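*Asks:* need a 3D model of the sequence below.
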Amino acid sequence: NGLPFNDTAKAGHRRLTTWGAGVDTQFFTPSTAPKTQDFFVYFKSQNYNELQELFVFLFNNYFRLRGSVYIYYHYDPVMLRQAAQQSRFCIMLDRPETQGLAALEILACDCPMFVIDDTTFYGQEKAVCGVTSVTCWDSRCGLKSNKENYKKDLPTFLRGLDTYKPRDYVVETHSFQKSAEKLWSLMAAAAASSPVGTS
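*Replies:* Below you'll find the predicted structure:
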């Protein structure tokens, strides 16, 4: 709320446009090696009770599936790539994100995602609805669910596991090249619409 762009009188001729950073699709790539685990959980949340609930559910209903947990800030890019390459799918348990580069990096490895989506952001003053844990997404990436429905939605995701094409989505929309093209387009549009005598 502190940005001048939220106040028409203060904004003047200026406008705010968001731009997403690109993903290194040459580094985050699929592997031809056999998968060594069924899944990994990407956990970026302060509520460990949600992680515990997820594992109780998996233990009771999918005992034969094998997986691991990667916790935000406790891995490096090589570790994340290895987890995505070695897993048949990723379960994301995350809070709302701005762009969510880690999700795009996982998807670039052609690892489909089952997202337990968080659609409410609790700020200091109020709750903001309509947000998401994965902002860059289409149906090729996997399946989004939520805390109330993920237990019934996971079987649907698993049945369609071989049909998802997450890397195609990332290469077509969020590679370094595509990101640079979008930035160039924004800069050209800004230059074209800039009032005379301003920069």
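
*Asks:* starting at the chain centroid, how far to the longest helix seen in the chain?
*Replies:* Within the chain, and with DSSP state H defining each element, the longest helix by residue count is helix 176-193. Taking CA atoms, centre = their mean, to the nearest Å, one finds the center of helix 176-193 at 23 Å from the center of the full chain.

*Asks:* next one: stretch 138-152
*Replies:* Distance of stretch 138-152 from its chain centroid, counting by CA atoms, centre = their mean, is 13 Å.

*Asks:* over to stretch 92-109?
*Replies:* Centroid displacement of stretch 92-109 relative to its chain, using CA atoms, centre = their mean, is 2 Å.

*Asks:* buried stuff in it?
*Replies:* By neighbour count with 16 or more other CB atoms under 10 Å, stretch 92-109 contains the buried residues 92-94, 96-97, 100, 102-109. The way it works is simple: take the backbone N, C-alpha and C, and place the C-beta from them, glycine included.

*Asks:* average pLDDT across stretch 163-178?
*Replies:* The predicted model assigns stretch 163-178 a mean pLDDT of 94.

*Asks:* what's the span of it, first residue to last?
*Replies:* Using CA to CA, to the nearest Å, the end-to-end distance of stretch 163-178 comes out at 24 Å.

*Asks:* picking up where we left off before, what's the most distant pair in the buried residues of stretch 92-109?
*Replies:* Largest separation among the buried residues of stretch 92-109 by CB to CB: 96 and 109, giving 23.2 Å.

*Asks:* residue 131 contacts residue 120, correct?
*Replies:* Yes: Residue 131 sits in contact with residue 120 when judged by CB atoms under 8 Å, with a separation of 6.8 Å.

*Asks:* which of the two has more neighbours?
*Replies:* Higher neighbour count among residue 131 and residue 120: residue 131, with 16 against 11, using other CB atoms under 10 Å.

*Asks:* doesn't residue 108 make contact with residue 31?
*Replies:* No: contact criterion CB under 8 Å: residue 31 and residue 108 do not qualify, at 12.0 Å.

*Asks:* gap between residue 174 and residue 21?
*Replies:* From residue 174 across to residue 21, the span is 8 Å (CB to CB, to the nearest Å).
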